[in-house]
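Trainee: Next one to model:
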Amino acid sequence: MELASILLTASGYRILTLCIALTAFTTTPCLGIELGSFLADNVVLAREPLEARLWGWSDEVGETISVSIDGEEIGEASTTVQDDGAWVINLPPREASAGPHTLTILGSRSTTGTSASAVTLKNVAFGDVFLCSGQSNMEFAVAGAFNSDAEIADSINYPNLRLANVNKTIADDPQDRVGSKSPYVWAVSAPDAFGASWQWPSAACYFFGRDLYRMLDEKVPIGLVSAPWGGQSVTAFSSPDAMSDSTCGGTIDSTDIYANKYHMELENIGAKMKGAVEESTAMFRRQRRRLPETSQLWNAMIHPLLNARFAAALWYQGESDAGDPTFYACHFPAMIVDWRRKFDLRLPFYFVQLAAHTTDFSLIREAQMAALKLDDVSYAVAIDIGDPTSPWGAIHPRRKQEVGRRLALAVLGGPLYGRDVITSGPLVRGAIVNKETSSIIVTFVPGTECHLHANGTAACDENECCNTSPFEVHSSTKGNWTRADFTVLGNRRVLLSVPEGIIPSEVRYDWEGYPQCAIYNGVGGPDDHHGIAATPFHIAVVH
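Mentor: Model (predicted):
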């Protein structure tokens, strides 16, 4: 068959090659340069202080690979193809810029003297790139969210918000390549970049990126790489190294794991709900023909992205691990630390604490918080945005806009940007008993309690809402929990009335499946987008 020059775009990479038909069945590029996964037109590459990275393969061992940007060769950006055919180039740090830039990756063919090969990427931007992963609430697409038609139409207004979607695939061994779930590799935000419900892009990821882009005054291009798979355990996204980490990411002493007070408490109270959750989880899994196993999503969907220079990672997962909060409290931080090591990045990490649901997720929410023992980890609360009438099932709430906004605030106020913004709802500080008045004063961390007020949750019955107190007190003598009436004092504190005959030992707040009421800072409730709900808590009282 006659030789032909072919520019092939597939599975998230490009190959410029001279091939005969038979060589198309090989797994390595023939006489050409192959770019790594998700290096394609419209890509957002990392801006300063990170060094943007280009990587890939060539069939010519020893060949020199160089890079030019907008026709100017970057002298510091060249490398030699290694014995295994791989090459990596780190570009000098660059300021945020939408360009559009054109990048050319050039191969010298130095060892054979044949004509040079080149791959060109168009409409490249330099900005901040985020990895979004987890299970179905991260996979949940914009098309399934409330007001989706208007949101998708509005997407045309953010041309420097770019979208990429990793294909759902599994592997028993770490992979170097992964394809795109969507018909594009990278797309500029616009209506034609959005698929149907449960397709692409991720709603939580998109709304986060859109709101962050707005908060940065649209001056920094934002790239979003979504790599979720519904119904999966944290173990599927964890490497074997993470799974064997007996220190739980360094959060506990490995020689004292079962004596650790925090884990023992979770283990003891978790046993009460474990059986019911495990039974429903097992039934769900029996209905699936092929459930990804431990490390298979790490191998197939995360490992191929290790060369990407992500500014941070976003995570919405935990429902599938609700049956074993003790296990999760260890393996979630272990996964975070392992990702950071494998990516060789600081990688600030932001998770969504699970939303209200028929199943009481209180214990798995608490287990998620074990990750806060690590540096540069924060979260967005979602206790108030449950959605019992969601057509996608109550476990999939549709208010993903608010999830995205809260994630964006957490990131904006975090180590990446350091803006002076309120990043969370009211955070409990203490609970003090006043024996003379049979009351408890609940205080909150200064700066998080501004304009403290109560508001009904998204799931509340209009006849109940804050008529049902979100606070309960535990009786040290009776051993049970009883609701306590509450009053907000001076927009800063909460006064609880202790029921008669109870000697309180603990206070808890929104520690249930579907709370009717939440305590907020800012203004309004879950649909006003100006405040954030307090994080569920339980705390010992001080007498």
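Trainee: When you work out contacts or count neighbours from here on, use the C-alpha atoms and nothing else.
Mentor: Noted.
Trainee: Let me see the ranges of the strands in the stretch 101-250 of the chain.
Mentor: Using DSSP state E, counting those that start in this stretch, the strands of the stretch 101-250 of the chain run over residues 117-134, 161-165, 187-188, 222-228.
Trainee: Write down the beta-bridge partners of Leu54, one by one.
Mentor: Using DSSP bridges, the beta-bridge partners of Leu54 come out as Ile89.
Trainee: how many neighbours does it have?
Mentor: Leu54: 20 surrounding residues under other CA atoms under 10 Å.
Trainee: hang on, it packs against Ala86?
Mentor: No. Contact between Leu54 and Ala86 fails when scored by CA atoms under 8 Å: they sit 11.1 Å apart.
Trainee: sorry, back to before: distance to Gly413 and mean neighbour count for the strands of the stretch 101-250 of the chain - can I get that in JSON lines?
Mentor: Compiled in JSON lines, the strands of the stretch 101-250 of the chain are given as follows (distance: least, CA to CA, whole Å; neighbours: other CA atoms under 10 Å):
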{"stretch": "strand 117-134", "distance to Gly413": "15", "mean neighbour count": "22"}
{"stretch": "strand 161-165", "distance to Gly413": "20", "mean neighbour count": "28"}
{"stretch": "strand 187-188", "distance to Gly413": "26", "mean neighbour count": "23"}
{"stretch": "strand 222-228", "distance to Gly413": "17", "mean neighbour count": "28"}
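Trainee: In a markdown table: those strands, plus distance to Trp198 and mean pLDDT.
Mentor: Rendered in a markdown table, the data for the strands of the stretch 101-250 of the chain read as follows (distance: least, CA to CA, whole Å; pLDDT from 0 to 100):
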| stretch | distance to Trp198 | mean pLDDT |
| --- | --- | --- |
| strand 117-134 | 14 | 96 |
| strand 161-165 | 12 | 98 |
| strand 187-188 | 18 | 98 |
| strand 222-228 | 11 | 98 |
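Trainee: In JSON lines, list those strands along with distance to Phe444.
Mentor: Formatted as JSON lines, the strands of the stretch 101-250 of the chain follow (distance: least, CA to CA, whole Å):
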{"stretch": "strand 117-134", "distance to Phe444": "31"}
{"stretch": "strand 161-165", "distance to Phe444": "36"}
{"stretch": "strand 187-188", "distance to Phe444": "42"}
{"stretch": "strand 222-228", "distance to Phe444": "34"}
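Trainee: Among the ones you listed, which comes closest to Ala98?
Mentor: strand 117-134 (4.5 Å; CA to CA).
Trainee: angle of the closest one against strand 222-228?
Mentor: With axes from the mean of the first three to the mean of the last three CA atoms, to 10 degrees as the basis, strand 117-134 and strand 222-228 are set at 60 degrees to each other.
Trainee: circling back: looking at the strands of the stretch 101-250 of the chain, which is closest to Ala534?
Mentor: With CA to CA as the measure, strand 117-134 is the member of these nearest Ala534 (23.3 Å).
Trainee: Which other helices and strands does that closest one contact?
Mentor: Contact here means 3 or more CA pairs under 8 Å, 6 or more residues apart in numbering; DSSP states H and E; on that basis strand 117-134 packs against strand 13-19, strand 32-35, strand 44-46, strand 97-107, strand 222-228, strand 312-316.
Trainee: Can I get it in PDB? Just the C-alpha atoms.
Mentor: Written as PDB, here are the backbone C-alpha positions of strand 117-134 (Å, rounded to 0.1, in the frame of the first residue of the first chain):
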ATOM      1  CA  SER A 117       7.800  15.500  12.200                       C
ATOM      2  CA  ALA A 118       5.700  18.000  14.000                       C
ATOM      3  CA  VAL A 119       2.400  18.200  15.900                       C
ATOM      4  CA  THR A 120       0.600  21.600  16.200                       C
ATOM      5  CA  LEU A 121      -1.900  22.500  19.000                       C
ATOM      6  CA  LYS A 122      -4.200  25.400  18.300                       C
ATOM      7  CA  ASN A 123      -6.200  27.700  20.600                       C
ATOM      8  CA  VAL A 124      -4.000  26.900  23.600                       C
ATOM      9  CA  ALA A 125      -4.400  28.900  26.800                       C
ATOM     10  CA  PHE A 126      -2.300  29.100  30.000                       C
ATOM     11  CA  GLY A 127      -4.300  29.100  33.200                       C
ATOM     12  CA  ASP A 128      -5.300  26.900  36.100                       C
ATOM     13  CA  VAL A 129      -6.300  23.300  35.500                       C
ATOM     14  CA  PHE A 130      -8.400  21.200  37.900                       C
ATOM     15  CA  LEU A 131      -9.000  17.500  38.200                       C
ATOM     16  CA  CYS A 132     -12.600  16.500  39.100                       C
ATOM     17  CA  SER A 133     -13.200  12.900  40.200                       C
ATOM     18  CA  GLY A 134     -15.400  10.700  42.400                       C
END
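Trainee: mind checking how far that strand is from the chain centre?
Mentor: Relative to its chain's centre, strand 117-134 lies at 19 Å (CA atoms, centre = their mean, to the nearest Å).
Trainee: sorry, back to before: let me have the helices and strands packed on strand 117-134 in TSV, extended by distance to Gly179.
Mentor: Converted to TSV, the helices and strands packed on strand 117-134 look like this (distance: least, CA to CA, whole Å):
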stretch	distance to Gly179
strand 13-19	8
strand 32-35	12
strand 44-46	17
strand 97-107	21
strand 222-228	11
strand 312-316	20
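Trainee: Which one of those has the poorest average confidence?
Mentor: For these, the bottom mean pLDDT is recorded on strand 13-19, which sits at a mean of 37.
Trainee: can you give me the helices for the protein?
Mentor: Assigned by DSSP state H, the helices in the chain fall at 136-139, 148-154, 203-215, 240-243, 261-286, 296-297, 325-343, 362-368, 400-412.
Trainee: who wins for proximity to Phe471 among the helices and strands packed on strand 117-134?
Mentor: When these are ranked by proximity to Phe471, the top entry is strand 312-316, at 26.4 Å, counting by CA to CA.
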